[in-house]
Each structure stands twice: as structure tokens, then as C-alpha cells.
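Enquirer: no letters, just coordinates:
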Ligand SMILES: N[C@@H](CCC(=O)N[C@@H](CS)C(=O)NCC(=O)O)C(=O)O
């Protein structure tokens with residue numbers, strides 16, 4: 001049985017966008033797993049993987065850290081229902097995941113950082129305050145978020161334009177069926193949904209309809225997750 005180490009917030013919330021990628025990848029392949037929650041200050045649980053970050057999976061003799069490495073591992077270990085059917089699919093997914101990491105997440109973060117902080121487990125809040133405070137240059141996350149939202153929601157929507165153009169024409173970023181690029185962007189939206197009530201998308205945005213489809217996937221895995 002695969003064990004997935006997944007970041008946990010208050011009330012068993014699971015916000016990590018990278019862990020969501022791993023969960024979607026496991027579902028895509030029809031694999032089941034055992035879930036092990038890890039708080040920010042429980043890194044000893046993943047020390048065996050020499051990692052400070054989740055997701056990590058333990059799969060028989062294999063220990064794999066990093067969401068992209070996990071996706072590659074799953075395709076090698078379980079060739080059925082491939083995540084990457086050929087080199088071109090692999091390259092599109094790799095590029096797409098990198099775009100989400102470097103453009104979508106940074107555009108989203110200032111809009112939700114206050115809500116994130118409010119939902120971190122109290123025991124982990126000092127760690128979050130210190131680590132994210134250093135990154136942002138302030139520990140007043142509520143004020144940073146309020147300022148961020150002045151232009152942040154429009155900026156976030158603008159960043160989504162390449163995905164929007166694709167989703168105007170097809171159901172998923174990968175065509176009629178979802179694939180890894182859908183999971184990468186879907187993870188970003190779940191990150192936001194689990195911690196923040198902020199309305200990120202307009203109802204007539206093609207990305208909005210796609211997000212609804214993503215929430216319904218795999219027996220409503222995303223929709224059923226505890227949201228803000
Ligand atoms: N490149 C890594 C990034 C993983 C990552 O940043 N995980 C975050 C949660 S979303 C984490 O574990 N943070 C722990 C911390 O900041 O201490 C991946 O794709 O898995």
C-alpha cells in the first residue's frame with residue numbers, strides 16, 4: 001500500500017497544491033493510498049525521505065519526494081493508465097507544472113496568505129510566521145493580503161490567460177479527458193479553496209467551468225475536501 005505524506009492544517013484541512021497533484025496522479029492511475037498528515041513542525045515524519053517538503057510517498061521499497069518525481073515514479077512503477085503517454089505529453093506536463101509553480105502560485109499567494117495563516121494549526125503558526133514573514137518582509141499577513149487583493153485578483157485572472165484560451169475550446173487542458181496539466185492547475189485552485197472564501201473567478205470565465213469539472217473528478221475528491 002502506498003503512503004502519502006500530506007500537509008495538514010486546522011480541522012484536518014489539506015491545502016498543499018503539490019500534494020493535490022500527487023493525489024490526482026494516484027487517482028488517475030486508479031491507485032489507492034494511505035494518508036499520513038504532516039504539520040509544518042512535524043518534519044520528523046518525513047526525515048526518512050531526507051525531505052523538508054511534502055508530498056513524499058512511500059511505495060514498497062521506494063521512497064519518492066517531490067510531486068513531479070512522484071508522477072514519474074508512478075508511471076514507471078504502474079504502466080497502466082499512463083500520466084504521460086509520450087515524450088510530447090511529458091514535455092507539455094513538465095512545462096505546464098513549471099508555469100503553475102512560477103506564475104500561478106506567486107499570483108495567488110498574496111491574495112490568500114492571511115487566510116492561510118488563519119487556518120494553519122496553532123502549533124505551526126510560529127513556524128509559518130517566521131518562514132513566510134522572512135519571504136514577505138512582514139508578519140502582518142492580514143494587511144499584506146488586504147493590500148494584495150487591491151489588484152491581486154485581476155492580476156491572478158490575467159495570469160490564467162494561456163489556460164483560458166485552451167479551455168475556451170476544450171473540456172480539459174489535456175483535451176476530452178484530464179491529465180497532469182489539469183492536476184497541476186487544479187492543485188492551485190484547491191490550495192485556495194481549502195483555506196480561503198475568496199471568489200477567484202467570474203462565472204462566465206471558461207476557467208470557472210473547468211474548475212467545476214475538476215472538483216467533480218474522481219467521485220468529487222476535490223469538492224468533498226474540507227473547504228474554507
Ligand atoms: N517542488 C516540490 C515543492 C513542495 C512544497 O513546496 N511543499 C510545501 C507544501 S505546498 C511544503 O512542504 N512546505 C513545507 C514548509 O514550508 O516547511 C514539489 O513539487 O513537491
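Expert: Looks like it arrived, so ask away. Keep in mind the model is a prediction, meaning the values are calculated, not measured.
Enquirer: make it CA atoms for all contacts and neighbour counts henceforth
Expert: Will do.
Enquirer: got the buried residues for the helix or strand hosting residue 150?
Expert: Counting by DSSP states H and E, the element that carries residue 150 is helix 141-159. For helix 141-159, burial by neighbour count (16 or more other CA atoms under 10 Å) applies to 141-142, 144-146, 148-149, 152-153, 156-157, 159.
Enquirer: against which helices or strands is it packed?
Expert: Applying 3 or more CA pairs under 8 Å, 6 or more residues apart in numbering; DSSP states H and E, one finds that helix 141-159 contacts helix 105-119.
Enquirer: now for the helix it packs on, which elements pack on it?
Expert: Helices and strands touching helix 105-119, by 3+ CA pairs under 8 Å, 6+ apart, are helix 125-136, helix 141-159, helix 180-195.
Enquirer: redo these as JSON lines? Include mean pLDDT.
Expert: JSON lines is the format used below for those (pLDDT from 0 to 100):
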{"stretch": "helix 125-136", "mean pLDDT": "97"}
{"stretch": "helix 141-159", "mean pLDDT": "98"}
{"stretch": "helix 180-195", "mean pLDDT": "99"}
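Enquirer: would JSON lines of those helices with distance to the ligand be doable?
Expert: Below are the helices and strands packed on helix 105-119 laid out as JSON lines (distance: least, CA to the nearest ligand atom, whole Å):
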{"stretch": "helix 125-136", "distance to the ligand": "7"}
{"stretch": "helix 141-159", "distance to the ligand": "16"}
{"stretch": "helix 180-195", "distance to the ligand": "8"}
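Enquirer: make JSON lines out of these and add distance to residue 17.
Expert: Formatted as JSON lines, those follow (distance: least, CA to CA, whole Å):
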{"stretch": "helix 125-136", "distance to residue 17": "16"}
{"stretch": "helix 141-159", "distance to residue 17": "16"}
{"stretch": "helix 180-195", "distance to residue 17": "4"}
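Enquirer: domain ranges for the protein, per the record?
Expert: Domain segmentation of the chain under automatic domain parsing yields 2-77, 87-224.
Enquirer: chain center to the first one, what's the gap?
Expert: Which is domain 2-77. Remark: domain 2-77 is offset 12 Å from the chain centroid, using CA atoms, centre = their mean, to the nearest Å.
Enquirer: quick one: which of the helices and strands packed on helix 105-119 is nearest residue 119?
Expert: Checking those against residue 119 by CA to CA gives helix 180-195 as the closest, at 6.4 Å.
Enquirer: what residues does the closest one touch?
Expert: Residues from elsewhere that reach helix 180-195 (CA atoms under 8 Å, 6 or more residues apart in numbering): 13-21, 24-25, 83-84, 92-93, 96-97, 100, 104-105, 108, 112, 115-116, 119, 172-174, 198, 211, 214, 222, 225-228.
Enquirer: done for today, thanks.
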